[in-house]
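Q: Give me the fold of what follows.
(2 chains)
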2 protein chains.
Amino acid sequence: MANDKKMVDQITSMDEDFAKWYTDICKKADLIDYSSVKGCMIIRPYGYAIWELIQANLDRRFKELGHENVYMPMFIPESLLQKEKDHVEGFAPEVAWVTHGGSEPLTERLCVRPTSETLFCEHYKNIINSYRDLPKLYNQWCSVVRWEKTTRPFLRSREFLWQEGHTMHATAEEAEAETVQMLNCYADFHETDLAIPVIKGRKTESDKFAGAEATYAIEALMHDGKALQAGTSHYFGDGFARAFDIKFTDKENKLCYPHQTSWGVTTRMIGGIIMTHGDNNGLALPPAVAPIQVVIIPVQQHKEGVLDAAYALRDRLAGQFRVKVDDSDNSPGWKFAEYEMKGVPLRIEIGPRDIADNKCVTVMRHNREKNFESLENIESIVAERLQAVRDGLYARALANRDSKTYECTTIDEINEALKTKGDGLVMAMWCGEEECEDKVKELTGVGSRCIPLEQKNISNKCVCCGKEAKHMVCWGIAY
Amino acid sequence: MANDKKMVDQITSMDEDFAKWYTDICKKADLIDYSSVKGCMIIRPYGYAIWELIQANLDRRFKELGHENVYMPMFIPESLLQKEKDHVEGFAPEVAWVTHGGSEPLTERLCVRPTSETLFCEHYKNIINSYRDLPKLYNQWCSVVRWEKTTRPFLRSREFLWQEGHTMHATAEEAEAETVQMLNCYADFHETDLAIPVIKGRKTESDKFAGAEATYAIEALMHDGKALQAGTSHYFGDGFARAFDIKFTDKENKLCYPHQTSWGVTTRMIGGIIMTHGDNNGLALPPAVAPIQVVIIPVQQHKEGVLDAAYALRDRLAGQFRVKVDDSDNSPGWKFAEYEMKGVPLRIEIGPRDIADNKCVTVMRHNREKNFESLENIESIVAERLQAVRDGLYARALANRDSKTYECTTIDEINEALKTKGDGLVMAMWCGEEECEDKVKELTGVGSRCIPLEQKNISNKCVCCGKEAKHMVCWGIAY
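A: Below is the predicted model of the structure:
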């Protein structure tokens, strides 16, 4: 099949070694480089351009929902980190500690922020006094540090880029609504713009964020059948407000504690894009976050008029799309492979015969579908093709997830499904007891990912103990 | 004079206590807050919005000049920092050291980046092999840490936000041209968009960046007669390339060292805006970086039709300008003072009589000039007024600098000028000897700021030793 023809042999095949396939793409699509700083990555121009597009898209969404950006210090004094008990227990084991400024030891050591709840709370205590000061809808874009033992580019690195929203509300209801609103914001961004289908759900008690009352997450299924937590949104109740003594006077002049949320997504999303859409020819980018959406490859470019036609086409498209002409001396074949590796959604080939016919050829990256197009309305044709790429990527990812989602009613069924059909998501009922949650993981290898917001009554009994079931849980192997 | 009428009494007057006036504006215009992290600041939404506008403007300029953004790790292993001798000597005394990850001591301590030359060089060694790989024109937006003893918001803080460009070129000429190009880019941004006149110059040997062959800077004069270094651009020659063993094969297949530059501006620019344009009523923002360019204040807003007219006006202007209606219950007088404090360039007042006449009132922040305008062509009127604000701010800053710039030919003249006319910039000739440079500072209190690119032959003799002069130097008291 022409569509499956492998044009380059630069990367390890996915079936041969998935982990190596992944890092091959990270390196060979020029997304990252390593340095002597262990566990941290260099994000190269092509990788960073993807992040800038993600950032601009989400930042616009956040601002439309009324959020404002701020910047907090990157350090947290040890005593401040310790103010909320659960929070410090969750994070202290994995923070980087600054102990010296220049040659002098610090009187109190500082951690490099792993997340900034404590800093936001200290600030909120200063600026929240009355119900008129609420809600506070703050967000920050920054890097954070978590001292992980095992690291992988984008998926788990000691330093990563992210945004962290931190909001304060007069009532629990408002804060809960914000938590769900931001979960939906992340889900819509993933589905619409990243073409990644996600399951929205609530984490079980054992899997909540340190200090949260409820943690919501979106989970996506990767090519290899493993689950990626792609974004989280937390509801804190008034726990931090009490620990930090943040109070406001309500309309009846009564002193109250405000209710809090936080929510974040990270550069990990780039890992999710790679492992959802990539193939053995390299990266495949959803058009919304592709630094180059259309690459124009001149064919027989040394013939008169070819380059001029390519530039003219670029100039027509440049107002609407991110477009590039590759007029380098490399062969068209090399260029085809190069931009497939880089995941450029749409390739346009234009040569002397096309020009004579006022035509060009378009090739979609994800399925290599080739079309001969009139140059007449090329702007609208390109817009349609890019939409088709997004829709095609999404449909393929959804079909992959469907084929790897198993409804099971017993532990045996789970083991059988995983054995015969491979790693994937298991949907099975749960009684709500942590003991059963642990036992399922022990006996099958899949842990609880989340309690999907969209529930289905697969059975009335817990898949583990057989007692009355409370929830359908989505189980999987986590990245 | 109505124009000088002080509407609020919230901030310390500039003449009374300049330092307090400055921090009052930082706090009361809601730019920053303090936290328990000593020497670091919280940049609040209004302050951060200014930074976002600065960032977007400069980022567009950098990209138009062919630069690409990347992201390097925030940590530098001690051994990497030590690779370039002058560089480590310059920075080691003022870095924050990470010594532990979680509960475990690190085998090698890491500093939090004070600047990233060493990281870029390590990466460049990996990716530069041939002349085809050059130039490399990289930039990053991030925060850096320098463990300062004395700190002030924006001007000098232990952590600050900045951009750092790092470029590699095949020849010294190209790298030198890049250094000057970026200096010019900074100067144009300051003059055109921040309305701050600057002097472009080269630093003397004693004042160069650690490891650089030449450091260029732009210097601006603040209200109090002190000089602010507002941006720097460094030419490194091939010093770092040799220290890091970065080599490329040129067109003749010869191994060569590339030539390097770096350049940066920081959140310090916001301090420069405050101290150049601010007055006793608060901040005065140049329109290009004002989060709110136009504030519409409804007068007698409870009368029928007033708020509707204000909203309609906002909707007309919103496509072209950053505009806000303040429809809160505060009095118009309170609102006038509030948006003067926040430095909003243009205020529009609209009340029942204006509406009946199809008119409104505009008031420019910087000089309180009041105009009755027809609503007919209000879009073009607002555009003109905003340009007038920028031009007015610039002219005022330039006049202030001119009145505080003293050409002197002897040490006595310098002391006399500073004594009678106050702190300012001294233009005086210099023989080029470090001894004289030091002596001028010792005898007059002003140090060499830079050797202006635009030279003038004030005299043939060094202001200090009387020997033959090599350069006119700009001397001043540095922030």
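
Q: wait, residue A:219 sits on residue A:232?
A: No - counting by C-beta atoms under 8 Å, no contact exists between residue A:219 and residue A:232, whose distance comes to 10.2 Å. Just so you know, the C-beta spots here come from the backbone N, C-alpha and C atoms, and that holds for glycine as well.

Q: pretty sure residue A:205 is touching residue A:434, no?
A: Yes - if you go by C-beta under 8 Å, residue A:205 and residue A:434 touch, sitting 6.7 Å apart.

Q: Show me the shaky parts of the stretch 1-150 of chain A.
A: Across the stretch 1-150 of chain A, the stretches falling below the confidence threshold (pLDDT under 70) are A:1-9.

Q: Residue A:224 - nearest residue in space that isn't next to it in sequence?
A: Distance criterion C-beta to C-beta, 6 or more residues apart in numbering or on different chains; nearest residue to residue A:224, sequence neighbours excluded, is residue A:18 at 4.6 Å.

Q: Chain B versus the nearest residue to residue A:436 once chain neighbours are set aside, what's the distance?
A: The shortest distance from residue A:436 to any residue other than its chain neighbours is 3.8 Å, reached at residue A:464 (C-beta to C-beta, 6+ apart). Noted for residue A:464: a distance of 33 Å to chain B, by C-beta to the nearest C-beta, to the nearest Å.

Q: go on, residue A:200?
A: 29 Å.

Q: do residue A:85 as well
A: Plainly put, residue A:85 is 18 Å away from chain B if you go by C-beta to the nearest C-beta.

Q: Against chain B, how distant is the residue nearest to that residue when sequence neighbours are not counted?
A: In this structure, residue A:85 finds its nearest non-sequential neighbour in residue A:243, 7.6 Å apart by C-beta to C-beta, 6+ apart. Going from residue A:243 to chain B by C-beta to the nearest C-beta gives 15 Å.

Q: Got the phi and psi for the most centrally placed residue in chain A?
A: The residue lying closest to the centre of chain A (C-alpha atoms, centre = their mean) is residue A:269, at 2.4 Å. Residue A:269 has phi and psi values of phi -60, psi -30 when expressed as degrees, to the nearest 10.

Q: thought it was touching residue A:194?
A: Yes - in this structure residue A:269 lies within contact range of residue A:194 using C-beta under 8 Å: 6.8 Å.

Q: hey, where'd the helices end up in the stretch 51-200 of chain A?
A: A:78-81, A:85-91, A:117-127, A:172-188 (DSSP state H, counting those that start in this stretch).

Q: In JSON lines, list those along with mean neighbour count.
A: Rendered in JSON lines, the data for those read as follows (neighbours: other C-beta atoms under 10 Å in any protein chain shown):
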{"stretch": "helix A:78-81", "mean neighbour count": "17"}
{"stretch": "helix A:85-91", "mean neighbour count": "17"}
{"stretch": "helix A:117-127", "mean neighbour count": "22"}
{"stretch": "helix A:172-188", "mean neighbour count": "19"}
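
Q: Assign a three-state SS to the residue in chain A sticking out farthest from the centre, would you?
A: Summary for chain A: using C-alpha atoms, centre = their mean, the residue whose C-alpha lies farthest from the chain's mean C-alpha position is residue A:304, with a distance of 45.6 Å. Going by DSSP: H, G, I helix; E, B strand; the rest coil, the secondary structure assigned to residue A:304 is coil.

Q: How about the contacts made by it?
A: Listed by C-beta atoms under 8 Å, 6 or more residues apart in numbering or on different chains, the contact set of residue A:304 is empty.

Q: Can you check the pLDDT for it?
A: At residue A:304, the pLDDT value in this model is 95.

Q: circling back to that earlier point, and the helices of the stretch 51-200 of chain A: which comes nearest residue B:429?
A: Shortest distance between residue B:429 and the helices of the stretch 51-200 of chain A, using C-beta to C-beta, is found for helix A:117-127: 51.1 Å.

Q: name the helices or strands packed onto that closest one?
A: Contacting helix A:117-127 under the criterion 3 or more C-beta pairs under 8 Å, 6 or more residues apart in numbering or on different chains; DSSP states H and E are the following elements: helix A:78-81, strand A:136-145, strand A:159-169, helix A:239-244, strand A:259-266, strand B:32-34.
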